[in-house]
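Asks: coordinates only, sequence not included:
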């Protein structure tokens, strides 16, 4: 069986067409009936994935090509979810590397190629979107070859097979001049070049758990690949992260992946990617092995988190009114559950019993978690993101990012100015005379917080950015703080049009008439530096004096509505984002103005004392 088995991962930069390619392969492999309705991007089964058009979680599927079974793992393309890529590459023997025929290799392309070469996978280059008007497929092949050489690929890996494809149209060919009719060349290349799984089916069992899932009826599911040995349903096994911590268990259900379904099986052997039930205590990175002759596998190695946020129970006046889960116990249980299946996340207790320190790989990584919890009914408050520093030989170091920007030529000047303010160092600039310029920077991770929305503003929506972790570098110094203060509600109650009309000159508002606010809530952006407390609930006095403008129509400026990601990027260190199933609000960490004044005076006094000592 293993000689007719192929295990491959599909890896690429974000939006280069991975999930669309899987759609085409599934459709043409006979997984769906001729009369069966098939949704677009069928592997993106999560609601958030469909809404945002991105892959967030790695997923497994399986297709038949003649007598061969091809197990496919679809992976995310965004750098914030690179932990999903890292933990599944050990499950496969080859990788389909998708590269956009117009954009070429991007930041995440470098990351996934580096990891694939590290694991010794057989790469197959798929130049996708060859039907784009600005496609430059042959140049892109040369750029990918240069990337492989730069990353230290060996001679066998550099001699990779190439397939040209348009996943959306469902066609592929070995050459650009081929008469492309279907995806047959992709299937043929996988079967020809990706090796069959290696391992002794008679040796003691070894399975590395690389993913966890949950079923309402049979409980926790462990997903992994058999490295060696044979597994039977209802068989006795041992599992754990080391020989000293091994526990015994019994497999209650054994599933294989067939198309988009899991089918129950009685037997599995070397190379099979399985889903196992009956082991409720199993964790990510555990080895499932033979009970009588245990043999352990090395644990998962995943890059450390670089960004942290504080999650805490909401203590605003609206606490408990909109959410279903509001207590610290419920919040802690949910975060611990997420930590068990999310390899890139790290959870530690906060300063108090109501706070939790959550570390992840980036803003998007943590904001997706927050959005998922919000939809589940959780109510909480979170702090602004902050990077995780470290000291090496007494030197303070911070996480650095390799940033790639694709911007219109007329926006280059303003973008470069913003990059300078964020302590970025320019590495490369290409594309002059084409209408669009590609800029490459080395930038502190702190400098990326809040930059995406600023880039869209500077380029009128035409800017594209991607970034990749570049390890740690020397601390670059302080960044300029937010250059404008905020407008803070001084009273609780419904916002009135009369109050907003009189306060419009003070700045831009985030609320509209009729919306309930509370004291300490951030309701707008001040037009000047420094925070300002305003009364947005003031009502017009009711009296019998007639005024000349009584019948005038009130014209208010359109409020700026902040999404959760925008709010997280916007807030300062002394502010929080309150997240409920129905609302996203920004607020001061200390709601009382007296408390804020006391803390400010204390900080001023400490600064004066430090200055006097120096």
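Replies: That came through, no problem. Bear in mind that the values here come from a model prediction, so they are computed numbers and not experimental data.

Asks: can you count the residues close to the closest residue to residue 486 other than its chain neighbours?
Replies: Of all residues beyond its chain neighbours, the one nearest residue 486 is residue 522 (4.7 Å), with distances taken as CB to CB, 6 or more residues apart in numbering. (Each C-beta comes from the backbone N, C-alpha and C, glycine too.) A count of nearby residues for residue 522, using other CB atoms under 10 Å, gives 27.

Asks: quick thing: my sequence starts at 889, can you match it?
Replies: Shifting the count to begin at 889 puts that one at residue 1410.

Asks: Return the residues in contact with residue 1410.
Replies: 1374, 1375, 1376, 1377, 1398, 1459, 1463, 1473, 1474, 1475, 1476 (CB atoms under 8 Å, 6 or more residues apart in numbering).

Asks: mind showing which ranges of this protein have poor pLDDT?
Replies: Low-confidence segments of the chain (pLDDT under 70): 889-890, 918-945, 965-970, 1320-1322, 1431-1441, 1502.

Asks: Domain boundaries for it, per the record?
Replies: Per the record, the chain has its domains at 890-1081, 1094-1178, 1278-1362, 1369-1429+1441-1449, by automatic domain parsing.

Asks: how far away is residue 1290 from residue 1361?
Replies: Look at residue 1290 and residue 1361: by CB to CB, to the nearest Å, they are 11 Å apart.

Asks: Dump the domains of the chain to JSON lines, plus distance to residue 1501.
Replies: Listed next are the domains of the chain as JSON lines, based on distance: least, CB to CB, whole Å:
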{"stretch": "domain 890-1081", "distance to residue 1501": "42"}
{"stretch": "domain 1094-1178", "distance to residue 1501": "49"}
{"stretch": "domain 1278-1362", "distance to residue 1501": "21"}
{"stretch": "domain 1369-1429+1441-1449", "distance to residue 1501": "24"}
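
Asks: Nearest to residue 1188, out of the ones you listed?
Replies: Among the domains of the chain, the nearest to residue 1188 by CB to CB is domain 1094-1178 (4.2 Å).

Asks: distance between that closest one and the chain's centre?
Replies: Relative to the chain's own centre, domain 1094-1178 is displaced by 27 Å; criterion: CA atoms, centre = their mean, to the nearest Å.

Asks: State the distance from residue 1443 to residue 1388.
Replies: Distance, residue 1443 to residue 1388, by CB to CB: 11 Å.

Asks: The two: who's more crowded?
Replies: A count of neighbours by other CB under 10 Å puts residue 1388 above the other of residue 1443 and residue 1388, at 23 against 8.

Asks: Residue 993: how many residues sit nearby?
Replies: 22.

Asks: Just list the residues touching it, thanks.
Replies: 901, 987, 1001, 1028, 1031, 1032, 1035.

Asks: Equivalent analysis for residue 1053, please.
Replies: By CB under 8 Å, 6+ apart, the contact set of residue 1053 is 909, 1014, 1015, 1016, 1018, 1059, 1060, 1061, 1068, 1071, 1073, 1074.

Asks: switch to 6 Å and redo it
Replies: 1014, 1016, 1060 (CB atoms under 6 Å, 6 or more residues apart in numbering).

Asks: Surely residue 1027 is in a helix?
Replies: Yes - residue state for residue 1027 (DSSP: H, G, I helix; E, B strand; the rest coil) corresponds to a helix.

Asks: What is the burial count for it?
Replies: For residue 1027, using other CB under 10 Å, the count is 12.

Asks: Could you do the one 3 residues further on as well?
Replies: For residue 1030, the number of neighbouring residues by other CB under 10 Å comes to 11.

Asks: I'd guess it is in a strand, am I close?
Replies: No - going by three-state DSSP, the assignment for residue 1030 is helix, not a strand.

Asks: quick revisit: turn the contacts of residue 993 into TSV, columns for neighbour count and distance to residue 1238.
Replies: Compiled in TSV, the contacts of residue 993 are given as follows (neighbours: other CB atoms under 10 Å; distance: CB to CB, whole Å):
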residue	neighbour count	distance to residue 1238
901	27	35
987	26	43
1001	26	38
1028	21	47
1031	13	46
1032	21	45
1035	18	42
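
Asks: secondary structure class for residue 1494?
Replies: Going by three-state DSSP: residue 1494 is helix.

Asks: roughly how far apart are the residue nearest to residue 1408 when sequence neighbours are not counted and residue 1244?
Replies: Among residues not flanking residue 1408 along the chain, residue 1479 sits closest, at 3.1 Å (CB to CB, 6+ apart). Separation of residue 1479 from residue 1244 (CB to CB): 21 Å.

Asks: Quick check: residue 1045 is in a helix.
Replies: Yes - counting by three-state DSSP, residue 1045 falls inside a helix.

Asks: show me what contacts it?
Replies: No contacts exist for residue 1045 under CB under 6 Å, 6+ apart.

Asks: follow-up on the earlier one: from the contacts of residue 1410, pick the one nearest residue 1043.
Replies: When the contacts of residue 1410 are compared against residue 1043 (criterion: CB to CB), the nearest one is residue 1459, at 51.7 Å.

Asks: what about that closest one, distance to residue 1039?
Replies: Distance from residue 1459 to residue 1039, by CB to CB: 38 Å.

Asks: Give me the phi and psi angles of residue 1309.
Replies: phi -70, psi -30 (degrees, to the nearest 10).

Asks: Could you pull up the residues touching it?
Replies: Applying CB under 6 Å, 6+ apart, the residues contacting residue 1309 are residue 1368.

Asks: ok, the residue nearest to residue 1408 - how many residues close by?
Replies: Residue 1479, neighbours per other CB under 10 Å, totals 19.

Asks: separation between it and residue 1463?
Replies: Residue 1479 is 11 Å from residue 1463, by CB to CB.

Asks: Is there a neighbour count for residue 1108? I'd like the number.
Replies: Using other CB under 10 Å: residue 1108 sits among 18 other residues.

Asks: Skipping its backbone neighbours, what lies nearest it in space?
Replies: Using CB to CB, 6+ apart and skipping the chain neighbours, the partner closest in space to residue 1108 is residue 1168 (5.2 Å).

Asks: Can I take it that the one you found is in a strand?
Replies: No - counting by three-state DSSP, residue 1168 is not part of a strand but coil.

Asks: That one: neighbour count?
Replies: Residue 1168 has 10 nearby residues by other CB under 10 Å.

Asks: and if you look at the one 3 residues further on?
Replies: As a burial measure, residue 1171 scores 16 neighbours (other CB under 10 Å).

Asks: what sits against residue 1120?
Replies: By CB under 6 Å, 6+ apart, residue 1120 lies in contact with residue 1155.

Asks: Brilliant, that's me finished.
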